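Student: Sequence and computational prediction follow.
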Amino acid sequence: SFLFARILRDGKDDRFTALKKNCLRFLAAWTIQALWVWIVVLPVLLVVQSPRGGSDVGPLDVLGWAAWATGFLIEVIADAQKNAFRDKAENKGKFICEGLWAYSRHPNYCGEIMLWVGLCISGCSCFSGLEWLGWLSPVFTLFLLTKVSGVPLLEKKAEKEWGHLKEYRHYVKVTPCIRLAFSRPPAYQPE
């Protein structure tokens, strides 16, 4: 829903502008997204169809739901913080390094990965045999976000836009890419 709201606000999704010019690349992008949706929903499908997916709630369920809820909150808060940052005229052309963004360069992706891991944790009591392939969901999400679409594209764009700034280079050096730092990394100190 965040991406849909952003497209409504901006009128486009820049990530698809170049892809639309090449039918094969556009088809590949949508095919990968369809595969991603199927793999991501796989643990849910496996739990729903599993005869072991009864009504008993165990510790893995609670742990998994807590991880899912935490990941969801992290993603929603990070997206809201970035939106609020971008909406301020004085932030035009600046990079965000406040709120959750002070603890991770991509806290929204941290939350996204965490919620799918949580879903798989809650499914562990139901999985057996090939059903353990449900863990492909967070692994595939991690792979796509860190190696294909999310982080590589955003880091390249950010480097192009702010790579010449000492403040940005410091931010990249001290701030984890995806995972949240346990404590706030040191702020940039001009020489």
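Tutor: Alright, I've got the coordinates. Everything numeric in this text was worked out from a predicted model, so none of it was measured.
Student: So for the helix or strand harbouring Leu24, what gets flagged as buried?
Tutor: Using DSSP states H and E, Leu24 falls within helix 23-49. For helix 23-49, a neighbour-count test (16 or more other C-beta atoms under 10 Å) marks Ala29, Trp36, Ile39, Val40, Leu42, Pro43, Leu46, Val47 as buried. C-betas here are computed from N, CA, C, even on glycine.
Student: Equivalent analysis for stretch 51-68, please.
Tutor: Buried-residue list, stretch 51-68, by 16+ other C-beta under 10 Å: Asp61, Gly64, Ala67, Trp68.
Student: Mark which of the residues you listed are part of helices, please.
Tutor: Among those, the members found in helices (DSSP state H) are Asp61, Gly64, Ala67, Trp68.
Student: follow-up on the earlier one: other SSEs contacting the helix holding Leu24?
Tutor: Applying 3 or more C-beta pairs under 8 Å, 6 or more residues apart in numbering; DSSP states H and E, we find helix 23-49 packed against helix 107-123, helix 136-143.
Student: How far off centre is it?
Tutor: Distance of helix 23-49 from its chain centroid, counting by C-alpha atoms, centre = their mean, to the nearest Å, is 16 Å.
Student: got it, and stretch 115-124?
Tutor: 15 Å.
Student: Rebuild the ones in helices among the buried residues of stretch 51-68 as TSV, extending it with distance to Ser125 and pLDDT.
Tutor: Putting those into TSV (distance: C-beta to C-beta, whole Å; pLDDT from 0 to 100) gives the following:
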residue	distance to Ser125	pLDDT
Asp61	7	92
Gly64	9	96
Ala67	14	98
Trp68	15	97
